[in-house]
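*Asks:* Predicted model follows, preceded by the sequence.
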Amino acid sequence: MDLLSIFGVLIALVAIIGGNLLEGGDVSALLNLPAALIVIGGTFGATVLQNSAGVMLHSFRQALWILLPPYFNLQDGMEKIIGWSMVARKEGLLGLEAIAEQEADTFSRKGLQLLVDGAEAEVIRSVMELDLSIQEERDLSGAKVYEAMGGYAPTLGILGAVLGLIHVMGHLEDPAMLGPGIATAFVATVYGVGLANLFYFPIANKLKAIVSGQATYREMLIEGVVAIAEGENPKFIELKLKGYLTS
């Protein structure tokens, strides 16, 4: 579990709510169901309109990555590839068949299966790079959903504020309602700006970082599998892949 994500959200909320209390504000003044409905509902509706059902479902699944990111480690990946190369050098490419059957990562398993089937190095590179490109594009489309929500939320917040002010203007005959009414109207703006900058944009950026890390890991796998197909020495493969550890 990524505790840093939880810690970041808590820091942001404590800072905002604490600052509001230090200024003499009341937390209850920030609780407004109509404003939340306008901002959250409107943002979600606009985002659904923009994307397909498949992209939306994938983005919901990706949201779990904020707390439970997919595991990938470049050092572990390099050591795994070197192990494969040593097996291939001692037993031949067919010696990787048992390893391929036990490999949990589908991308790695596909590369190993291509090796076992005797595919040429360029064919392996072409097939795996295509898979990488498709998966990266799919994952980035999920991240862009939250980026879009971050763009819509502040605008919907302004819309909620305007609607609230329209309601206030309808009661100008009662001065006692003006102050609380205007304050409530601007809560929608707080929701829009707050959700965009505390949740939607950070989630989008974190997902993009995870996707980028996965892509680097898979690029290293491609280079390693292709090097094994070309019969390179495990030591040379290790030297080549060490470049990814400094990226």
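*Replies:* Great, that's in hand.
*Asks:* Look at residue 18 and say how many residues are nearby.
*Replies:* When neighbours are defined as other C-beta atoms under 10 Å, residue 18 has 10 of them. In short, each C-beta sits where N, CA and C put it, glycine included.
*Asks:* next one: residue 107
*Replies:* 18.
*Asks:* List of residues touching the one helix or strand residue 44 maps to?
*Replies:* Counting by DSSP states H and E, the element that carries residue 44 is helix 42-50. Outside of helix 42-50, the residues within contact range by C-beta atoms under 8 Å, 6 or more residues apart in numbering are 56, 145, 148-149, 152-153, 156, 159-160, 192, 195.
*Asks:* Among those, which are located in helices?
*Replies:* Taking DSSP state H, the ones among the contacts of helix 42-50 that sit in helices are 56, 145, 148-149, 152-153, 156, 159-160, 192, 195.
*Asks:* Let me know the average pLDDT across the helix holding residue 44.
*Replies:* Mean per-residue pLDDT for helix 42-50: 94.
*Asks:* what's the lowest-pLDDT member of the ones in helices among the contacts of helix 42-50?
*Replies:* Looking at the ones in helices among the contacts of helix 42-50 by pLDDT, the weakest one is residue 160, with 87.
*Asks:* Residue 70: what secondary structure?
*Replies:* At residue 70 the chain is in coil, as set by DSSP: H, G, I helix; E, B strand; the rest coil.
*Asks:* So that it lines up with my notes, have the first residue be 289 from now on.
*Replies:* Sounds good: first residue 289 from here, last item residue 358.
*Asks:* contacting residues around it?
*Replies:* Counted by C-beta under 8 Å, 6+ apart, residue 358 has contacts 498, 502.
*Asks:* Distance of it relative to residue 473?
*Replies:* The gap separating residue 358 from residue 473 is 43 Å, by C-beta to C-beta, to the nearest Å.
*Asks:* try residue 345
*Replies:* Distance from residue 345 to residue 473, counting by C-beta to C-beta: 35 Å.
*Asks:* Just want to know which of these two has more residues nearby.
*Replies:* The neighbour count for residue 345 versus residue 473, taken as other C-beta under 10 Å, is higher for residue 473 (21 against 12).
*Asks:* ok, that one touching residue 452?
*Replies:* Yes: using C-beta atoms under 8 Å, residue 473 is in contact with residue 452, at 2.7 Å.
*Asks:* per-domain residue ranges of this protein.
*Replies:* The chain is divided into the following domains under automatic domain parsing: 289-316, 320-533.
*Asks:* For the first one, buried residues please.
*Replies:* This means domain 289-316. residue 293 (16 or more other C-beta atoms under 10 Å).
*Asks:* Please list the outside residues in contact with stretch 424-435.
*Replies:* Counting contacts by C-beta under 8 Å, 6+ apart, the residues outside stretch 424-435 that touch it are 335, 339, 343-344, 346-347, 349-351, 488-489, 491-492, 495-496, 499, 502-503.
*Asks:* same deal with stretch 296-307?
*Replies:* Against stretch 296-307 from outside (C-beta under 8 Å, 6+ apart): 315, 318, 482, 486-487, 490.
*Asks:* Keeping just the C-alphas, turn that stretch into CSV.
*Replies:* Provided in CSV are the C-alpha atoms of stretch 296-307 (Å, rounded to 0.1, in the frame of the first residue of the first chain):
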residue,chain,number,x,y,z
GLY,A,296,-0.4,13.7,1.2
VAL,A,297,-4.2,13.9,1.3
LEU,A,298,-4.2,14.2,5.1
ILE,A,299,-1.6,17.0,5.0
ALA,A,300,-3.6,18.9,2.4
LEU,A,301,-6.9,18.6,4.3
VAL,A,302,-5.4,19.5,7.7
ALA,A,303,-3.7,22.5,6.2
ILE,A,304,-6.9,23.8,4.5
ILE,A,305,-9.3,23.0,7.4
GLY,A,306,-6.8,24.2,9.9
GLY,A,307,-6.2,27.4,8.1
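*Asks:* Great, nothing more from me.
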